[in-house]
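> here is a sequence together with a model predicted from it:
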Amino acid sequence: MTDQPPADAPKREVLTLYVAEDEDGIRLDRWFRRRWPHLSNIQVQKMARSGQIRVDGARIKPEGRLTAGAAVRVPPIPDDTSRQAGDPHTLTERDIAFAKSLVLYEDDMVIALNKPHGLAVQGGTKTSRHVDRLLGAWGEGMERPRLVHRLDRDTSGVLLLGKGSEAAKRLAGAFARRQAKKTYWAIVIGNPKPYSGQIDMPLKKTGINDFEMMRPADRKDPKAEPAETAFSTISRASDRAAWMALRPFTGRTHQLRAHMAGIGHPILGDPKYGDDKSRELSGPLKLQLHARSIELDHPRGGLLKVTAPLSPEMKAGFAHFGFSEDEAEDDPFLGVKRIR
């Protein structure tokens with residue numbers, strides 16, 4: 001739930017970006033390094049301590065913690081001298097055509113993309129191909145769309161962008177206030193019982209970078225983050241697997257994957273949260289998790305609802321277990337509210 005700056009945007013521009021819902025509690029210096037990996041800790045510290053970086057209009061220390069939805073003033077970022085003009089980061093006509101082919105919906109304030117499996121949303125030291133880079137297909141500077149939330153690299157489905165700072169601010173605010181209704185489809189091992197309900201299981205991060213995972217945590221643990229997910233069984237393949245609808249009421253990293261594993265029904269194709277039985281059943285299947293739809297208020301008023309067709313990876317799972325899309329209800333969570 002963050003609008004994301006392009007690494008190659010004009011550097012003399014002051015930006016206002018918004019903290020993603022799953023970044024709640026992240027340190028300021030880490031938030032910056034996640035977006036601009038070429039920055040040194042000393043550079044971030046200097047910008048923070050000189051007041052160039054501000055959060056909701058106030059000064060903040062480099063080690064200060066951010067809250068979801070907070071507005072971060074980003075000063076002009078120094079160039080990445082390791083990148084030269086004409087390098088692989090420059091968009092080709094093929095890149096632009098690919099980016100445009102992902103569009104599910106677009107108007108003058110909102111773009112919704114159908115993010116494919118395997119495409120990261122943000123870049124990093126080892127990731128040069130990602131959604132953020134592709135946003136240059138719509139222009140740079142003020143013309144560049146801004147991310148307002150995120151999906152895991154291997155999760156396919158709906159990803160929203162805001163056109164302009166005002167649209168991005170309103171969309172990001174809706175995510176921060178938990179007003180966006182997100183429905184995911186997943187195929188898990190076994191049959192969860194009851195067939196529908198809510199998971200109220202705090203999570204905490206362990207490990208770092210590619211080894212970072214979310215584990216169930218005691219509610220009294222100071223590092224525990226509240227996490228709530230509603231679930232509903234749509235169809236079953238005997239007792240082997242179930243096609244689930246999932247609705248996160250909070251936005252923790254890997255929340256759905258960690259919650260389903262936490263109740264003993266890992267999502268199939270998940271190399272990080274799966275167990276031996278789920279890996280055996282998954283076989284060649286990739287992660288069976290798809291952001292099916294998002295419903296929230298449009299920045300100019302009215303309701304915006306976007307639905308993403310199944311990815312090739314999810315189609316393979318449906319074909320393997322004999323599921324059919326027409327078995328699903330329009331909204332399996334009608335009337336369901338948060339526990340807390």
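Here it is on my side, so go on. Residues are numbered from 1 along each chain as shown.
> any weak-confidence spans in the stretch 1-150 of the chain?
1-12, 79-89, 124-128 (pLDDT under 70).
> and the helices in it?
With DSSP state H, counting those that start in this stretch applied, the stretch 1-150 of the chain shows helices at 28-35, 41-49, 93-101, 131-134, listed in chain order.
> can you tell me which of those is packed in deepest?
Highest mean neighbour count of the helices of the stretch 1-150 of the chain: helix 131-134, a mean of 22 (counted as mean count of other Cβ atoms under 10 Å). The C-beta positions use only the backbone N, C-alpha and C, and glycine is treated the same way.
> one step back: can you redo the helices of the stretch 1-150 of the chain as TSV with distance to Lys272?
Putting the helices of the stretch 1-150 of the chain into TSV (distance: least, Cβ to Cβ, whole Å) gives the following:
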stretch	distance to Lys272
helix 28-35	19
helix 41-49	28
helix 93-101	27
helix 131-134	21
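> for those helices, which one sits closest to Gln288?
Among the helices of the stretch 1-150 of the chain, helix 131-134 comes nearest to Gln288, with 21.0 Å by Cβ to Cβ.
> which strands or helices does that closest one pack on?
Judged by 3 or more Cβ pairs under 8 Å, 6 or more residues apart in numbering; DSSP states H and E, helix 131-134 is in contact with helix 93-101.
> ok, and what's touching the helix it packs on?
Helix 93-101 has contacts (Cβ atoms under 8 Å, 6 or more residues apart in numbering) with 91, 134-135, 137-138.
> next: stretch 211-230.
Stretch 211-230 has contacts (Cβ under 8 Å, 6+ apart) with 24-25, 196-207, 246-250, 252-259, 262, 272-273, 333, 336, 338-340.
> which of those fall in strands?
Counted as lying in strands by DSSP state E, out of the contacts of stretch 211-230, are 196-200, 203-206, 246-248.
> farthest-apart pair in those residues, please.
Longest span within these, Cβ to Cβ: Ser196 and Thr206, 29.6 Å.
> and these two? Which one has more around it.
Neighbour tally, Ser196 and Thr206, criterion other Cβ atoms under 10 Å: the higher count belongs to Ser196, 16 against 12.
> bridging residues for Lys181?
Judged by DSSP bridges, the bridge partners of Lys181 are Glu295.
> quick one: it from Gly164, how far?
24 Å (Cβ to Cβ, to the nearest Å).
> so how far is Gly25 from Gly264?
Counting by Cβ to Cβ, the separation of Gly264 from Gly25 is 28 Å.
> from the contacts of helix 93-101, pick the one nearest Arg240.
Leu134 (37.6 Å).
> my guess is that closest one meets Thr92, correct?
No - using Cβ atoms under 8 Å as the test, Leu134 is too far from Thr92 to be in contact (10.9 Å).
> so for Asp275, what's the pLDDT?
Looking at Asp275, its pLDDT stands at 95.
> wouldn't it be in contact with Pro266 here?
Yes - judged on Cβ under 8 Å, Asp275 makes contact with Pro266 at a distance of 5.9 Å.
> comparing these two, which residue is more hemmed in?
Pro266 (26 against 12).
> which residues touch the more buried one?
Pro266 neighbours (Cβ under 8 Å, 6+ apart): 188-189, 257, 260, 273-275, 278.
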